[in-house]
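Enquirer: structure for the following, please:
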Amino acid sequence: MARGGKVLTIGLDPRQAKVMFAPELTPEIILKGVSESRARMERLGFEVVDCMIWGAAARETAQAALKSQPFDIVVIGAGLRINPEHLLLFEDIINLVHENAPKARIALHVGPHDIAAAVERVSTRWPPNA
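Expert: Next up, the predicted model:
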C-alpha cells in the first residue's frame, strides 16, 4: 500500500480511563501525543478518524466508527492491549475489526507518540516478506 488511505484509531478515552501501565501519562500528555501523531499522519497523506471509547458504550462506539466508512488501517490503542483489566474489551475490539473491516490492516503502538509510526510501518510492510 502506498502512503495515504483511511485510518481509524480506536483507543480508550484518556479523560475517563486511568493509565495503569504508565501512570506518568496524564490525559493531557496522551491527548497531545494523539494530536501530534494525527497531524503527522495527515502530512503523510492519511485521512484519520479518531474513536475514543469508554464504559458501557465502548463496543457500540467502536462498531459505529468501523461501520461509518471503509478503512485501510485500524490502529488499536496501547491502553486496550497492555492493561490486563481491558483484555475482554481488547478481544471484542479485535473481533469487531475482523467483522466490520476485514480488509483493513491492524496497527498496534506502545504510546501516544508512536501512532503515526505504527501506521507507517503497516502501510509500507505489506504483504509481509514481500
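
Enquirer: now do the buried residues in the worst-scoring helix or strand of the chain on mean pLDDT.
Expert: The helix or strand of the chain with the poorest confidence is helix 78-82; it has a mean of 88 (mean pLDDT, DSSP states H and E). For helix 78-82, the buried set under the neighbour-count rule, 16 or more other C-beta atoms under 10 Å, comprises Ala78, Gly79, Leu80, Arg81, Ile82. C-beta coordinates here come from the backbone N, C-alpha and C atoms, glycine included.

Enquirer: which other residues reach it?
Expert: By C-beta atoms under 8 Å, 6 or more residues apart in numbering, the surrounding residues in contact with helix 78-82 are 10-12, 14, 17, 19, 21, 86, 89-90, 93, 108-111.

Enquirer: kindly report the same for stretch 18-36.
Expert: 9, 11, 14-15, 50, 78-79, 82-83, 85, 111-113, 115.

Enquirer: just the C-alpha atoms of it, please, in PDB.
Expert: Extracted C-alpha coordinates of stretch 18-36, given in PDB (Å, rounded to 0.1, in the frame of the first residue of the first chain):
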ATOM      1  CA  LYS A  18      -6.800   5.500  34.300                       C
ATOM      2  CA  VAL A  19      -3.500   4.600  32.600                       C
ATOM      3  CA  MET A  20      -2.300   1.800  34.800                       C
ATOM      4  CA  PHE A  21       0.700   0.700  32.700                       C
ATOM      5  CA  ALA A  22       2.200   4.200  32.500                       C
ATOM      6  CA  PRO A  23       1.000   6.400  35.400                       C
ATOM      7  CA  GLU A  24       3.200   9.300  34.100                       C
ATOM      8  CA  LEU A  25       1.000   9.600  31.100                       C
ATOM      9  CA  THR A  26      -1.600  12.200  32.000                       C
ATOM     10  CA  PRO A  27      -4.700  12.700  29.900                       C
ATOM     11  CA  GLU A  28      -3.100  15.900  28.600                       C
ATOM     12  CA  ILE A  29       0.100  14.200  27.600                       C
ATOM     13  CA  ILE A  30      -1.900  11.400  25.800                       C
ATOM     14  CA  LEU A  31      -4.200  13.800  24.000                       C
ATOM     15  CA  LYS A  32      -1.200  15.900  22.900                       C
ATOM     16  CA  GLY A  33       0.600  12.800  21.600                       C
ATOM     17  CA  VAL A  34      -2.500  11.700  19.700                       C
ATOM     18  CA  SER A  35      -2.900  15.100  18.200                       C
ATOM     19  CA  GLU A  36       0.700  15.200  17.100                       C
END
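
Enquirer: appreciated, that's everything.
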